[in-house]
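Undergrad: sequence plus the predicted model coming up.
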Amino acid sequence: MQAPAFWWRAPGLISAALAPLGAIYGAVAGARMKRAGARAAVPVICIGDPTVGGAGKTPTAIAVAELLLEAGENPFFVTRGYGGREKGPRVVKVQEHSAKDVGDEPLLLAAVASVVVSIDRVRGAKLAAESGASVIVMDDGFQNPALAKNISLLVIDGASGVGNGLIFPAGPLRAPLALQIECANGVILVGKGDAGEKVAQQAAACGKTILRAHLMPEAEATAEIKGRNALAYAGIGRPRKFFATLEEIGCNVTEQRVFPDHHAYSENDARELLKAARARNLTLVTTAKDHARMYKNPALNELADASIVLPVDLHFDDENALKEMLKPALARR
C-alpha cells in the first residue's frame, strides 16, 4: 500500500473518523507486544520502525551488521521476506532467488551478510544459529513478540517523525508510541527535523539512548546522476523522500512516477516507463529496492539496464556510542 497523505498532516476529519478503529488496532497490537518471546541461541538485535514503512530500517540494519562484521562477529539477518512467496526458514542464495521468491530487502541485505527469510521468526533464528550466526540482526519484527530481543532500536525519520501521531488506520503508528518507546532500548534518529526531535525528546525523557545518523547517497551514483534531467520512479514507503534526495544532489527530476510500496513491476510498467523517458529524452532513475525487484525477471531486463540506481548508506554520527550499546548483548553469550 501507499501511505495516505493525511497520515503526515495534523489530525483532521479523516483521521478523526478512523481514530476508533486505530484505538482498537492499537489495543490489540499493544497487548500482543507484551507477550514473552522465545529466546534464541545467539543475541538478537532488532531494528524496528514505530510507523508503517519508510524510516530507513534496511540501511540501518546494514550499517549495524557492518559494524558487527568489523568487530569480528558473524551476523545473520533474519527477516520475514515481505513480498516474497518463500515462507522459510530458508537461507537466501542470490544466485538462485529473486524478489518474487524472498522479497526485495533480503536481496539487498545479502550483499552484506547471510540472510534467513522466515515468516516464523523463531524458526528463522534457529536456522541462523545452526548455520553459524554469532548474532542475529532482525530487519523489522519489533512489534512481533515471538522472538525475544536482546537489543531493540527504533528508527525514526527526522523530517516526518511519527506523522499525525495516530495509530493505523488513522495514522502511521503500528502500536501506541509510548508502549513502543518503552519496549525499545534506544532510538535512531535519521536526518534532521522537528518532527523527529519531538519523538527523540519523548524517548530521552523515558531514559532511552538517542543515536543520530544520516543517509548518504553513494558518491559514484551521485556523480553519474548530477545534472541530468530525470524520470524518477519508486515503489517504496516514502517515494517523495527519494525524489527530494535526487533534487538535493543536483538531479533535475522532470517527471515522477509513484508506485505502491514493494510494487512488483510488470512488463507493461517497464514498457510505459521506457516509452515516457524516451519521449522526453529523460534518464530513468530509481532506488536500490526497486531495482532489486527486477532481478532475474527477463521481462524487466531492458528497464533494469536503462535505469540508474541511487543506493544510500546510513552513517552514525557516533559509531562508538552504538558499539557500547551493543556490547552487553554480545557479552551475554
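TA: In hand now; what should we look at?
Undergrad: distance of Val190 from Asn281?
TA: Shown here: Val190 relative to Asn281, a distance of 35 Å by C-beta to C-beta, to the nearest Å. In this view, the C-beta of every residue, glycine as well, is placed from N, C-alpha and C.
Undergrad: low pLDDT regions in the stretch 1-150 of the chain?
TA: Applying pLDDT under 70 to the stretch 1-150 of the chain flags residues 1.
Undergrad: all helices for it, in order.
TA: Counting by DSSP state H, counting those that start in this stretch, residue ranges of the helices within the stretch 1-150 of the chain are 13-33, 57-70, 99-102, 104-109, 121-130.
Undergrad: which other residues reach the third one?
TA: Under the criterion C-beta atoms under 8 Å, 6 or more residues apart in numbering, residues 81, 83-86, 90, 92, 107, 115, 117, 264, 292-297 lie in contact with helix 99-102.
Undergrad: outline the domain layout of this structure.
TA: Following automatic domain parsing, the chain resolves into domains at 5-215+314-331, 219-310.
Undergrad: put together TSV for these, with mean neighbour count on each row.
TA: Supplementary listing: those in TSV, determined by neighbours: other C-beta atoms under 10 Å:
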stretch	mean neighbour count
domain 5-215+314-331	19
domain 219-310	18
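Undergrad: quickly note the distance from the spatially most central residue of the chain to Leu215.
TA: Central residue check for the chain by C-alpha atoms, centre = their mean: the C-alpha nearest the mean position is that of Lys57, 3.2 Å away. Using C-beta to C-beta, Lys57 is found at 12 Å from Leu215.
Undergrad: now Asn252, nearest residue through space, not along the chain?
TA: Setting aside the residues directly before and after it, Asn252 is nearest to Asn229 in space (C-beta to C-beta, 6 or more residues apart in numbering), at 4.9 Å.
Undergrad: look up phi and psi at that neighbour.
TA: Backbone torsions of Asn229, given as degrees, to the nearest 10, read phi -90, psi 120.
Undergrad: test my guess that it contacts Thr283.
TA: Yes: between Asn229 and Thr283 there is a contact under C-beta atoms under 8 Å: 6.7 Å.
Undergrad: residues contacting the residue nearest to Asn252?
TA: 252, 254, 280-283.
Undergrad: give me the pLDDT for it.
TA: As summarised for this prediction, Asn229 has a pLDDT of 98.
Undergrad: one more: Val253?
TA: Confidence at Val253, expressed as pLDDT, is 97.
Undergrad: so it: helix, strand or coil?
TA: strand (DSSP: H, G, I helix; E, B strand; the rest coil).
Undergrad: check the one 4 residues further on too.
TA: Local secondary structure at Arg257 is given as strand here, using three-state DSSP.
Undergrad: from Gly250, how far off is it?
TA: Computed with C-beta to C-beta, the distance linking Arg257 and Gly250 is 20 Å.
Undergrad: please apply the same query to Tyr25.
TA: Distance of Tyr25 to Gly250, given as C-beta to C-beta: 42 Å.
Undergrad: next one: Gly196
TA: Per C-beta to C-beta, Gly196 is found 25 Å from Gly250.
Undergrad: Pro145 too?
TA: Between Pro145 and Gly250 the distance, using C-beta to C-beta, works out to 45 Å.
Undergrad: same deal with Thr79?
TA: 34 Å.
Undergrad: try Leu21
TA: According to C-beta to C-beta, Leu21 and Gly250 sit 43 Å apart.
Undergrad: do the same with Leu153
TA: Counting by C-beta to C-beta, the gap from Leu153 to Gly250 is 32 Å.
Undergrad: and Lys34, by the same measure?
TA: With distances taken as C-beta to C-beta, Lys34 is found 48 Å from Gly250.
Undergrad: Glu197 now?
TA: Between Glu197 and Gly250 the distance is 28 Å, computed by C-beta to C-beta.
Undergrad: do Ser15 as well
TA: To Gly250, Ser15 is 37 Å away according to C-beta to C-beta.
Undergrad: ditto for Pro89
TA: Distance check for Pro89 against Gly250: by C-beta to C-beta, it reads 44 Å.
Undergrad: now do Ala71
TA: Relative to Gly250, Ala71 is positioned 36 Å away (criterion: C-beta to C-beta).
Undergrad: for Gly103, same thing?
TA: For Gly103, the distance to Gly250 under the criterion C-beta to C-beta works out to 32 Å.
Undergrad: repeat that for Gly237.
TA: Here Gly237 is placed at a distance of 24 Å from Gly250 (C-beta to C-beta).
Undergrad: repeat that for Ala170.
TA: Computed as C-beta to C-beta, the Ala170 to Gly250 distance reads 38 Å.
Undergrad: now Ala292
TA: The gap separating Ala292 from Gly250 is 25 Å, by C-beta to C-beta.
Undergrad: what of Leu189?
TA: Leu189 is 26 Å from Gly250, by C-beta to C-beta.
Undergrad: just Leu326 next, same as before
TA: Distance from Leu326 to Gly250, by C-beta to C-beta: 36 Å.
Undergrad: how about the contacts made by Gly250?
TA: With C-beta under 8 Å, 6+ apart as the criterion, the residues that contact Gly250 are 225-227.
Undergrad: likewise for Glu182?
TA: Contact criterion C-beta under 8 Å, 6+ apart gives Cys206 as the residues in contact with Glu182.
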